[in-house]
Structures are given as structure tokens and as C-alpha cells.
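K.L.:
Here's a sequence, model it:
(chains A and B)
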Amino acid sequence: MLNFKSAFMKEEIATDRDYSKRITQQLGIGSILIIANIVIWIMMALLIFGCEPAIEPTRQFITYKGDHYSWPRLTESLQSNTLTFDARFNETAIYDFGDLALQSDKNKLMGLCDCNSTVHQNSARFAWQWFNNRLEIYGYTYVNGERQEQFVGVVNVGEFNHYEISLTDSHYVFRLNGEEPVYMQRGKGCRTGMYLKLWPYFGGHVPAPHDVLIDIKSNY
Amino acid sequence: MKKSLIAALILCAAMGVAHSQQVVVTASGEKTVSGWQYGGALSFRTKNQWNFGGFYQQDFLTKPEKDSQPNNFYGLTMNIPVAKCEKLVFCFNTRLGLANRHFIVLVPGLETEVNLSERFSFSALMSVRMSYPSAALKLNVKL
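P.N.:
Now for the predicted structure:
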């Protein structure tokens, strides 16, 4: 009788332990769920019901002295036939290499890799250079590995300008501030695939002589 | 590309039917950096609450400068449950598809589903679209 009682009590204690273990596990999962939910719902509420625009998509890109690539480094893909953005240069866009050949090297502003291509195969970008005491903007493309450049316009330092690259079946169409478009040939590659965006790059051959800052506001 | 997308959709649907307990129809609205999009999805839910299906969504209001294209996004969607209890399911969501017919897009996200009744549930989805956070609300009907 006593043996039966102690066995029964042991079993009861074991059951209690299992139960408390289960409760602890459930509380653990429950806590994760509750915290995750609170975070998600707060962010949802802020994004959906906020009176102000939730996001101001302006980023400042900086190319440090002695470097070509700008920061932040981003990976983003294009999701429509047109890439539009506003960009503003400041006085850091003014430089003098003392050599005409180097001075006419094109620095890249922003653009895109064409369908599943790399930048030096098929791509279209706006490029810029400080030349003749003015800031010149160019259309800059690679078509099946061949580079092409075409003058688009001149912009002022310290103000936002509107840039647009449209993709047609046969051409890249560059527009600056809604002015007369500049057409540049596009390769006959695929049309459905990944189109990666390209961000500011200094050079050319020579890296940035000082820190270069560019503000870019993407339009979606 | 189109053929392989259709084949993948059929394969997912077939897998879903084979293992599914439920067919779920979803109406959704999503606020992205470019504005509101609305759409729907048809998916199959397995016993383990995995969800496979197809979705379609487009701009709520066509912007004047974009009226030549509807700015749509369609493809495959999948939900993988991370934690669940009676009324709540917390899961990873992935959408893979085409934006404006030509542009491949992968959108990861986190979704919380609240079961309102046996047939209806409500979801909140946070994801990253166009490299900015987006928020979606969904109403799910289990058929």
C-alpha cells in the first residue's frame, strides 16, 4: 500500500514537472509572439496612420578622399521602366587635377545595370564632371561592352535637379529637368530579369581628391 | 521566363493541393514608399500552417505621370510559421515576382495573423520593398 502511494506520488511529481516545463515552453513562445506582435503593430500603425510621409527618401552619399566608391553602399533593384531621382551637388563637386585628360574623366552619379547584366556589359548612368568651371552632366552607357558618352546639360551647385532615365526597346532616354531628351542606343539583351541600381562613383582613373558629397532623392 | 514562372506556380499549387487543408483567399492593401497598392492572393495552407500561393497587386491610384503603366506586382508568395498559438500565427513571408512585367523582385517580410473566427483571419505584414519598409493589412477567408 505504501509502495503504491509513493509510486503514485512520484508519478504526480513527475507530471507536475512536465506540466511546469510545458508551461515554461509555452510562456517562452508566447513571449516571443507578444513582443514580435507589439513591435509589428506599432510599426504598422506608424507607417499607415502617420500624418507625415513616413519616409523621406533622400540619402547623402559621400565618397571619401582617395576612394572611388561612395557610402552608404546599397543594393537595390529597379521596378519600373523609368529611373527618376533628384540630386544636389555642393562645393565638394569642384576639383582641379591640373590635367585636361584627367579633368574630363566622367564621375558617375546614378543609373542602372540593364537586364541581368554587369555594369561594364550593359548599363546606363548619368555622369558628371567639373570642367570649364561648370558642372557638366552626361549620359554614360555601356552597350554590349562598348562605352558611349553624350552631353546632356549643365547644373548649378547647391540646388536639386531632376534626372530621368527611361528604357525603351531600343534606347536609353536621358532627361535633365524635363528638357529635350537625349537618346542613346540600348543593347538587344533580355528584357525580364534583375535591373540593379548603380550609385555614385568617383572616377575615372583618379580617386576623389577630397570628400565629395551628393544628396540623392529617389522617386518611386 | 514566363513559362517557368507559370510552371513554378502550377507546381506550388499542386504541392499545396496535395498537402493542403485549406484554400485561402486574401484581400490586401499595402503602403509602400511609392504609395498604396491593393490586391489579392489565392493560396493553399498545409497542416503545419505553411502557405503557398500566387498574388497580384497594383497602385491604388494611378499617378498621372505613370498612367501608361499600372505599376503592378505579381508572383508567388510563401509563409513559413515561426511560432503559433490558438489565435495567433507569427511567420516569415516571402514574395517573389515581377514588377511591371519585366523586373524581378524579392520581398522578405514578417507576418502576424490573428484568427477572428474559423473562417476569417486578419494579418499584418511588415516587409522591405524598394529598400524601404512597407506595411500591409490583409483579410483572409478560408474556403
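K.L.:
What segments of chain A are helices?
P.N.:
Using DSSP state H, the helices found in chain A span residues A:2-49, A:100-103.
K.L.:
Out of the ones you listed, which gets the lowest mean score?
P.N.:
The minimum mean pLDDT among the helices of chain A belongs to helix A:2-49 (a mean of 65).
K.L.:
ok so residue B:93 is a strand residue?
P.N.:
Yes: Residue B:93 sits within a strand when classified using DSSP: H, G, I helix; E, B strand; the rest coil.
K.L.:
Confirm for me that it is in contact with residue B:79.
P.N.:
Yes: with contact defined as Cβ atoms under 8 Å, residue B:93 reaches residue B:79; the gap is 5.2 Å. C-beta coordinates here come from the backbone N, C-alpha and C atoms, glycine included.
K.L.:
Please say which of these two ends up with more neighbours.
P.N.:
When neighbours are counted by other Cβ atoms under 10 Å in any protein chain shown, residue B:79 comes out ahead of the other of residue B:93 and residue B:79, with 24 against 20.
K.L.:
How about the contacts made by that one?
P.N.:
B:43, B:49-51, B:91-93, B:111 (Cβ atoms under 8 Å, 6 or more residues apart in numbering or on different chains).
K.L.:
again, only using 10 Å
P.N.:
By Cβ atoms under 10 Å, 6 or more residues apart in numbering or on different chains, the residues touching residue B:79 are B:24, B:43, B:45-46, B:49-53, B:89, B:91-94, B:109, B:111, B:113, B:123, B:125.
K.L.:
Going by neighbour count, which of those residues are buried?
P.N.:
Among these, the ones that count as buried by 16 or more other Cβ atoms under 10 Å in any protein chain shown are B:24, B:43, B:45-46, B:50-53, B:89, B:91, B:93, B:109, B:111, B:113, B:123, B:125.
K.L.:
Going by distance to residue A:44, which of these wins?
P.N.:
Proximity of the buried ones among the contacts of residue B:79 to residue A:44 (Cβ to Cβ) peaks at residue B:125, which lies at 8.5 Å.
K.L.:
in the helix or strand where that closest one lies, what counts as buried?
P.N.:
Element membership of residue B:125, judged by DSSP states H and E, is strand B:120-129. Within strand B:120-129, the residues that count as buried by 16+ other Cβ under 10 Å are B:121, B:123-127, B:129.
K.L.:
helices and strands around that strand, which ones?
P.N.:
Contacts defined by 3 or more Cβ pairs under 10 Å, 6 or more residues apart in numbering or on different chains; DSSP states H and E place strand B:120-129 against helix A:2-49, strand B:20-32, strand B:72-84, strand B:88-99, strand B:103-115, strand B:132-142.
K.L.:
one more time with 6 Å, if that's ok
P.N.:
Packing contacts for strand B:120-129, counted by 3 or more Cβ pairs under 6 Å, 6 or more residues apart in numbering or on different chains; DSSP states H and E, involve helix A:2-49, strand B:103-115, strand B:132-142.
K.L.:
How far off centre is it?
P.N.:
Mean-position distance between strand B:120-129 and its chain equals 8 Å (Cα atoms, centre = their mean, to the nearest Å).
K.L.:
likewise stretch A:81-101?
P.N.:
On Cα atoms, centre = their mean, the centre of stretch A:81-101 falls 18 Å from that of its chain.
K.L.:
List the buried residues in that stretch.
P.N.:
For stretch A:81-101, the neighbour count (16+ other Cβ under 10 Å) marks A:81-89, A:92-93, A:95 as buried.
K.L.:
Next: stretch A:69-76.
P.N.:
Within stretch A:69-76, the residues that qualify as buried are residue A:70, counting by 16+ other Cβ under 10 Å.
K.L.:
Check the offset of it from the chain's centre.
P.N.:
Distance of stretch A:69-76 from the chain centroid (Cα atoms, centre = their mean) equals 6 Å.
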